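Colleague: Sequence and predicted model, in that order:
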Amino acid sequence: MRAHNPNEAVQMLDLLLDFFADGAHWTRGRLDDGHGGRCLIGALGYLQRKHHVASSGAAHFLKEAMPGRQLGLMYFNDHRCPSFADLRSVIVNARVLALRAPELEQAARAAERWFLAEIKRERAASAAAGAVRPTCIPDSPAPEELAPSQNAEMQLQQAV
């Protein structure tokens, strides 16, 4: 999974909220209606060019926030979004997801560290008992194989 910069995503989502404001600049069926109206995809591209802010992170969080995520942003804008209020709601929810992304990522890393420690503990207990039992996770890397990345993570956290 490609990591997205949540700060850039929030910046772009704020730009989207400002651009669409009361919905007067929202359109369907085309990227640009020629009178200042744009669809969601058209607005992302326009704002990216105008403000030099990447839109991929915002697009990621928009997809996460919209109902029926598998449909895509363009289909959602043109066919599944019943009103501007619904579009605005998706943008606001995407912004909340982007703001929470760092804490969710940190929680995932903590859970991964705990899980790897449990595997190591189980392997040590098995070795001490003289029995070689497979862990419940097939093809899981040994904790010592992951040590360089954990050391790099700890060095990064100490540097910050």
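Modeller: Perfect, I can see it now. Numbering: from 1, shown residues only.
Colleague: my guess is Asp33 meets Trp26, correct?
Modeller: No: when contacts are counted by Cβ atoms under 8 Å, Asp33 is not listed as touching Trp26 (9.7 Å). All C-beta spots, glycine's among them, are computed from the backbone N, C-alpha and C.
Colleague: Comparing those two, which residue is more hemmed in?
Modeller: Per other Cβ atoms under 10 Å, whichever of Asp33 and Trp26 has more neighbours is Trp26, with 22 against 15.
Colleague: residue contacts, that one?
Modeller: When contacts are counted by Cβ atoms under 8 Å, 6 or more residues apart in numbering, Trp26 touches Phe20, Gly37, Arg38, Cys39, Leu40, Phe84, Leu87.
Colleague: what pLDDT does the third one get?
Modeller: Pointing back at Arg38 there. Listed pLDDT for Arg38 reads 95.
Colleague: Okay, Arg30 and Asp86: tell me how far apart.
Modeller: Distance, Arg30 to Asp86, by Cβ to Cβ, to the nearest Å: 19 Å.
Colleague: actually Trp114, not the one I wrote
Modeller: Remark: distance between Trp114 and Asp86 (Cβ to Cβ) = 39 Å.
Colleague: Between these two, tell me which one has more neighbours.
Modeller: Counted by other Cβ under 10 Å, Trp114 and Asp86 do not tie: Asp86 has more neighbours, with 14 against 10.
Colleague: Within the helices and strands, which one has the more buried one?
Modeller: Per DSSP states H and E, Asp86 falls inside helix 84-129.
Colleague: how far is that helix from where the chain is centred?
Modeller: 12 Å (Cα atoms, centre = their mean, to the nearest Å).
Colleague: ok, now stretch 42-57?
Modeller: Counting by Cα atoms, centre = their mean, stretch 42-57 is centred 17 Å from the centre of its parent chain.
Colleague: In CSV, list the C-alpha atoms belonging to stretch 49-59.
Modeller: Extracted in CSV, the C-alpha atoms of stretch 49-59 (Å, rounded to 0.1, in the frame of the first residue of the first chain):
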residue,chain,number,x,y,z
ARG,A,49,-2.4,22.8,-11.1
LYS,A,50,-3.4,26.1,-9.5
HIS,A,51,-1.9,25.5,-6.0
HIS,A,52,0.8,23.0,-6.8
VAL,A,53,-0.5,20.5,-4.2
ALA,A,54,-0.7,16.8,-5.0
SER,A,55,-4.2,15.4,-5.3
SER,A,56,-3.5,11.7,-5.0
GLY,A,57,-3.7,11.7,-1.2
ALA,A,58,-7.0,13.5,-1.2
ALA,A,59,-8.3,11.1,-3.9
